[in-house]
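S.K.: Here is a sequence together with a model predicted from it:
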Amino acid sequence: MKITMCLLFVVGSGCDSKGKDARVDARADIETADTAPADAAPADAAPADAAPADATPPDGTTPDATPPDGTTPDATPADADAGGCGSYTVPQFVARPEADQRRFQPSAIDPATALFPGKEHFVVYPRGIPLRPELFVMLGGSEGAPQQNTNIYRIAAQAGYRVIGLAYPNEPSGASLCDGAPDQNLCFVAEHEEKIYGIPGVDGIEVGEPESIVGRLKRLITHLATVFPQEGWEAYLDADDELVWANIVLTGFSQGSGHSGYLGKDHLLARLVFLSSGGDSLIGPDGLPTAADWCKAPRMTPAERTFGMLHVEDNLEGKALVYAAYGLPAFGDFSNAGENAPPHDCSHQLLTDLPPRRDPDHFHTSLANDDEMPVDADGIPVLAEDYFYLMVPAPGAQ
């Protein structure tokens, strides 16, 4: 089946239809929410089909016995602009690539990070392939845990990235916190500022700097650089132990995509990838959906380095408005990830209409969560090469 609707209200006409065969021919109409489903995998339990975690204890004090390959990233920020496309080669994906997988309990790294004790950071260090200089960081969805997104990590690891799936304060969702707020635009900003940086400002949560996204990420990288000194983790912190954002590929799903979008406003990232909207939307004074005000503000990470994927059955109109606010339509219409091959006519915005793997109503979580992401008979995500395209700049991209 071909996706023929091209979102005329946002990006004009002209869907392309070259490359891959259509993979499915059915889907159901549903109503979705921007939070993890009630029956999602428990936060403290890995999916049944996830690769086993490394035997390293949660505090990471025992390094893996396999000697590191000695490959370290360039200490300077990535200078290849992610916007270019052209000849594009994807690897031969495998379900379980050669890599060290490690889990870390945040409170074992710093006792001040004690929120949501059942959720562990998930770290992947690739083996046997050249490593890219950038760090891949993923922020998952509301109420979820990093171990629910291992398919994404495996694709990133096969691209040569060191990978961090960060456990962060993702409960409650921004939508639930700001629903009914006198000024939703101000509430959304306050929610992001508190969860990302630990700056108090919204009722219903109490984060603080150690528990914040930035605070937890800095502590985890510092820990990795100390325990695994030959793996190059120190390249992602500067001399003041602040994050080197220009060396980070930041990917977010659902709530995590909103925080990723906000961080892309504040910092120049190597690349920014959304699996879902990448921001907040609301009903404007005219009664029509619109992107939140902060999504329309000037951004440090330009559209050239920003990419995303949406599901056609997952509140497409409101989420496409966020992509438009970020300038992604300048690189072309939405491309059907089920039919077209990288480089998708250089488009920065992909669509999928593939049905979820298990529950026919879970279109939203099928974008990122292992239990619903469509996979082939070998356990490899059906859209693996499209995720790779979102994550990795074409060779020589400027």
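M.R.: Thanks, I have the structure now.
S.K.: CA only for contacts and neighbour counts going forward, please
M.R.: OK.
S.K.: just for this structure, where's the confidence low?
M.R.: For the chain, the stretches flagged by pLDDT under 70 are 1-88, 396-398.
S.K.: quick one: which helix or strand includes the residue of it positioned farthest from its centre?
M.R.: For the chain, the residue at maximal distance from the C-alpha centroid (Cα atoms, centre = their mean) is D286, at 32.0 Å. In the assignment (DSSP states H and E), D286 maps to no helix and no strand.
S.K.: Check G252 too.
M.R.: Under the criterion of DSSP H and E, G252 resides in strand 248-253.
S.K.: Tell me the helices and strands packed up against that strand.
M.R.: Judged by 3 or more Cα pairs under 8 Å, 6 or more residues apart in numbering; DSSP states H and E, strand 248-253 is in contact with strand 135-139, helix 255-266, strand 271-275.
S.K.: So which residues make contact with the last one?
M.R.: Read it as strand 271-275. With Cα atoms under 8 Å, 6 or more residues apart in numbering as the test, strand 271-275 has contacts from 82, 248-254, 257, 260-261, 264, 301, 305-310, 367-368, 390-391.
S.K.: I'd like the C-alpha coordinates of that strand written as PDB, please.
M.R.: Output of strand 271-275 as PDB, limited to C-alpha atoms (Å, rounded to 0.1, in the frame of the first residue of the first chain):
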ATOM      1  CA  ARG A 271      22.000  15.700  14.900                       C
ATOM      2  CA  LEU A 272      18.500  15.700  16.200                       C
ATOM      3  CA  VAL A 273      16.000  12.800  15.600                       C
ATOM      4  CA  PHE A 274      12.400  12.700  16.500                       C
ATOM      5  CA  LEU A 275      10.300   9.500  16.700                       C
END
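S.K.: centre of the chain versus the next helix or strand along the chain from that strand, how much separation?
M.R.: With elements assigned by DSSP H and E, the helix or strand that comes after strand 271-275 is strand 281-283. On the basis of Cα atoms, centre = their mean, to the nearest Å, strand 281-283 sits 22 Å off its chain's mean C-alpha point.
S.K.: Give the partner strands of strand 281-283 in its sheet and their orientations.
M.R.: Applying DSSP bridges to the sheet, strand 281-283 is found paired with strand 289-291 (antiparallel).
S.K.: Okay, buried residues for the partner strand please.
M.R.: T290, A291 (16 or more other Cα atoms under 10 Å).
S.K.: Just give me how far it sits from the chain centre.
M.R.: Chain-centre distance of strand 289-291: 22 Å, with Cα atoms, centre = their mean.
S.K.: any residues touching it, and which ones?
M.R.: Applying Cα under 8 Å, 6+ apart, the contact partners of strand 289-291 are G279, D280, S281, L282, I283, G284, G318, L321, V322, A325.
S.K.: and whatever helix or strand comes next after that strand, C-alpha only, in PDB?
M.R.: Using DSSP H and E, the helix or strand that directly follows strand 289-291 along the chain is strand 306-311. Extracted in PDB, the C-alpha atoms of strand 306-311 (Å, rounded to 0.1, in the frame of the first residue of the first chain):
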ATOM      1  CA  THR A 306      16.900  17.700  12.300                       C
ATOM      2  CA  PHE A 307      15.000  14.600  11.200                       C
ATOM      3  CA  GLY A 308      11.800  12.800  12.200                       C
ATOM      4  CA  MET A 309       9.400  10.000  11.700                       C
ATOM      5  CA  LEU A 310       5.600  10.000  12.300                       C
ATOM      6  CA  HIS A 311       2.900   7.400  12.000                       C
END
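S.K.: Can you name the element that comes right after strand 306-311?
M.R.: Downstream of strand 306-311 (by DSSP H and E), the next one is helix 316-325.
S.K.: From the contact counts, what lies against that following helix?
M.R.: So helix 316-325, by 3+ Cα pairs under 8 Å, 6+ apart, packs with helix 8-11, strand 281-283, strand 289-291, strand 306-311.
S.K.: For the second one, buried residues please.
M.R.: Going by neighbour count (16+ other Cα under 10 Å), the buried part of strand 281-283 is S281, L282.
S.K.: who touches that strand?
M.R.: Contact partners of strand 281-283, identified using Cα under 8 Å, 6+ apart, comprise Q184, P289, T290, A291, A292, G318, K319, L321, V322.
S.K.: CSV for those, including distance to P200?
M.R.: What follows is those, written out as CSV (distance: Cα to Cα, whole Å):
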residue, distance to P200
Q184, 16
P289, 28
T290, 26
A291, 24
A292, 20
G318, 28
K319, 27
L321, 28
V322, 25
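S.K.: With distance to I109 added, can I get the helices and strands packed on helix 316-325 in TSV?
M.R.: Shown next, in TSV, are the helices and strands packed on helix 316-325 (distance: least, Cα to Cα, whole Å):
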stretch	distance to I109
helix 8-11	45
strand 281-283	36
strand 289-291	37
strand 306-311	32
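S.K.: Tell me the strands beside the strand holding G252, with direction?
M.R.: Going by DSSP bridges, the partners of strand 248-253 are strand 135-139 (parallel), strand 271-275 (parallel).
S.K.: the inter-axis angle of the last one versus helix 255-266?
M.R.: Translated: strand 271-275. Strand 271-275 and helix 255-266 are oriented at 150 degrees to each other (axes from the mean of the first three to the mean of the last three Cα atoms, to 10 degrees).
S.K.: Identify the residues contacting L243.
M.R.: Contact analysis of L243 by Cα under 8 Å, 6+ apart lists K218, Y236, L237.
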